[in-house]
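> Predicted model and sequence below, questions to follow.
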Amino acid sequence: MINRIKLSAALCIGAITQLAFGAHHEGLGDFAHHHDVGNPDLSGSASFDSENQVYTLSGSGINMWATSDQFQFAYNQMEGDFIIRATVEFVGEGVDPHRKIGIMARNSLDTDSAYADACVHGDTLSSLQYRTEKGGETDQVVLDSYHPTEIELQREGDLFTFSAARFGETYKSVSKEIDLNDELYVGLFICSHNAEVMETARFSNVRVVIPAATDFQPYRDYIGSRLEIMDVHSGHRKVLHNAPNSIQAPNWTIDGKTLIYNSEGKLYNYDLASGSISELNTGFADQNNNDHVLSFDGSQMAISHHLGDARTSTLYTLPVSGSDNPRQITDPANGHSFLHGWTPDAKKLIFTGQRNDQWNIWTIDIETKKEVALTNNNTLDDGPEYTPDGKYVYFNSVRTGTMQIWRMKADGSEQEQVTFDAYNDWFPHFSPDGKWMVYISFPVDIDPNDHPFYKKVYLRLMPASGGVPKTIAYLYGGQGTINVPSWSPDSSKIAFVSNTQFLD
């Protein structure tokens, strides 16, 4: 199925339907149009706070049920598969407990159109509502999620899935096969469920995602990228930069001014104040992957550059300001070396090394080039990182059958498991103040030895002392999202990459 957003067509159809559906407005953040559907007595409105990237919708309407709907709608015309997610909240206590907000996909802007939606009510009901034919009766599949704040509507062919959670939880989902048009009107909605009442809701962290094609080939085919930052405690996210190609793995510099990411073998500086982007000079090392890490004092960085015809991943160091001639640290004759961190004293690097036909955790002394194995398993150990006090190394290991987070003393002793869930957990990163660990959780149905591109994944937060992890981001990404330490220096935010196709 081909995916695209047909904005030019939406403009034409919007002009045609203006008389039938009331005042028509163009341009609202990521959405081409917004207006009332069903001609409610009270006219709704919509606005977009570009600084905080928050949508506010106000709407009236008798209901969205039975054979007709009335609501305020911010939408695009979209063709093919999609994923749309948002953090949602009503403003105020409300009048009718059945007031409704959510994400909708419908065949047309007619009040009796066939549709599917991810609907959150003012009371405790959340459901996948749907009407299978024009003028037909509405039905629903109830989702067991109490006052969810995180919602998502996904289309895969004729399968529509509503996923929801309260912030901090993982999704619960319900699905329904619904035969809708290939081209749909898709976006955010609000209905007051009372013709004499205007209700308001806020939608933040809104992401319109066009997923990768089902036949895409990893490391050959790429889709677009969003460079994002997020407050780890509130979950509020902002998109800083959209790129049509693959960008990956942002580091946050110790002065808090710059993010460093890789793209197509090179490294780039993103200036947080101006939004300007400049290439970071790495000299001859122009085949870098997404394993690049700053030293704890922020003065140096280490990179993993693919060397020679064999493209052996090899470690180098250079000043964080760049260099024409990075210093080689590992010997490619020993096998691949994928960087993951520094010791706090900057005397050693820690990496995942392919040695003796195994993938284990290794350190290397920068001056002597002596390598020391910290793990010795015939299953994959990866993603090692020192805690800021240097006492522990956290890493991910598949030795129990799924990829989980583990830790060990700095000398490799006392290895113990830290996470115990059904997901595949990768890349633990500690906050600079040492209080928190963030990591990425891949779905249960992937090869636990792999961390693939373009999956629905979670970012999760755990206290350094241990405990139940909290889900802080729900996104489409995976490989390249958060492979490297990406905390802000004040330990309040992280940077990461999510993905979507950007289409003309």
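Looks like it came in fine. Numbering: from 1, shown residues only.
> Okay, residue 34 and residue 55: tell me how far apart.
9 Å (C-beta to C-beta, to the nearest Å). For the C-beta atoms, the positions are set from N, CA and C on the backbone; glycine is no exception.
> do residue 203 as well
According to C-beta to C-beta, residue 203 stands 4 Å off from residue 55.
> Overlap of the contact sets of those two?
residue 188 (C-beta atoms under 8 Å, 6 or more residues apart in numbering).
> out of these two, which sits in the more crowded spot?
Taking residue 203 and residue 55 together and counting by other C-beta atoms under 10 Å, residue 203 has the greater number of neighbours (27 against 23).
> just checking, that one touches residue 189?
No - judged on C-beta atoms under 8 Å, residue 203 makes no contact with residue 189 at a distance of 9.8 Å.
> Give me the common contacts of those two.
Applying C-beta under 8 Å, 6+ apart, one finds that residue 203 and residue 189 are jointly contacted by 57, 101.
> related to what we said a few turns ago, can you work out which residues contact both of residue 34 and residue 55?
28, 46, 74.
> ok, of the residues you listed, which one's closest to residue 286?
The nearest member of these to residue 286, counting by C-beta to C-beta, is residue 28 at 40.9 Å.
> List the buried residues of stretch 417-429.
418, 419, 423, 424, 425, 426, 427, 428, 429 (16 or more other C-beta atoms under 10 Å).
> which SS state does residue 39 fall under?
Secondary structure assignment for residue 39 (DSSP: H, G, I helix; E, B strand; the rest coil): coil.
> Among the shared contacts of residue 34 and residue 55, name the ones in strands.
If you go by DSSP state E, the shared contacts of residue 34 and residue 55 have 28, 46, 74 in strands.
> Residue 464: neighbour count?
Per other C-beta under 10 Å, the neighbour tally for residue 464 reads 17.
> next one: residue 319
11.
> And it, how far from residue 328?
15 Å.
> what do you get for residue 80?
According to C-beta to C-beta, residue 80 and residue 328 sit 47 Å apart.
> Which of the two has more residues huddled nearby?
For residue 80 versus residue 328, the count of surrounding residues by other C-beta under 10 Å is larger for residue 80: 20 against 15.
> The more buried one reaches residue 181, doesn't it?
No - Residue 80 is beyond contact range of residue 181, at 10.9 Å (criterion: C-beta under 8 Å).
> Now do the contacts for the closest residue in space to residue 233 that isn't next to it in sequence.
Excluding its sequence neighbours, the residue lying closest to residue 233 (C-beta to C-beta, 6 or more residues apart in numbering) is residue 492, at 7.4 Å. Contacts for residue 492 (C-beta under 8 Å, 6+ apart) come out as 231, 232, 233.
> how about a cut-off of 10 Å?
230, 231, 232, 233, 234, 431, 433, 436 (C-beta atoms under 10 Å, 6 or more residues apart in numbering).
> domains of this structure?
Taking automatic domain parsing as the reference, the chain has its domains at 4-209, 227-500.
> what's the closest of those domains to residue 217?
domain 227-500 (10.1 Å).
> Check the offset of that closest one from the chain's centre.
Centroid separation for domain 227-500 versus its chain: 16 Å, with C-alpha atoms, centre = their mean, to the nearest Å.
> For the stretch 1-150 of the chain, which segments count as helices?
With DSSP state H, counting those that start in this stretch as the criterion, the stretch 1-150 of the chain has helices at 7-21.
> for the contacts of residue 492, which one is nearest residue 243?
Checking these against residue 243 with C-beta to C-beta, the nearest one is residue 230 at 17.9 Å.
> what bridges to the closest residue to residue 327 other than its chain neighbours?
Setting aside the residues directly before and after it, residue 327 is nearest to residue 317 in space (C-beta to C-beta, 6+ apart), at 5.0 Å. In this entry, residue 317 is beta-bridged to residue 302, residue 327, by DSSP bridges.
> what number of residues lie near residue 317?
Neighbour count of residue 317, defined by other C-beta under 10 Å: 19.
> That one contacts residue 329, doesn't it?
Yes - using C-beta atoms under 10 Å, residue 317 and residue 329 qualify as a contacting pair, with a distance of 6.0 Å.
> residues shared between the contacts of those two?
Residues touching both residue 317 and residue 329 by C-beta under 10 Å, 6+ apart: 302, 303, 339, 349, 366.
> which of those tops the neighbour count?
residue 339 (31 neighbours).
> in the sheet, who's paired with it?
residue 351.
> If you average pLDDT per helix and strand, which one of the chain comes out bottom?
Least confident helix or strand of the chain, by mean pLDDT, DSSP states H and E, is helix 7-21 with a mean of 32.
> and the ones in strands among the shared contacts of residue 34 and residue 55, which are buried?
For those, a burial check counting by 16+ other C-beta under 10 Å picks out 28, 46, 74.
> what's around the nearest residue to residue 254 once chain neighbours are set aside, how many residues?
What sits nearest to residue 254 in space, not counting adjacent residues and going by C-beta to C-beta, 6+ apart, is residue 298, at 2.8 Å. Residues lying near residue 298 (other C-beta under 10 Å) number 16.
> Quick check: the gap between residue 298 and residue 251.
Taking C-beta to C-beta, one finds residue 298 at 10 Å from residue 251.
> Now the common contact residues for these two.
Joint contacts of residue 298 and residue 251 (C-beta under 10 Å, 6+ apart) are residue 320.
> Show the contacting residues for the residue lying farthest from the centre of the chain.
Largest separation from the mean C-alpha position in the chain: residue 368, at 40.1 Å (C-alpha atoms, centre = their mean). Neighbouring residues of residue 368 by C-beta under 10 Å, 6+ apart: 347, 348.
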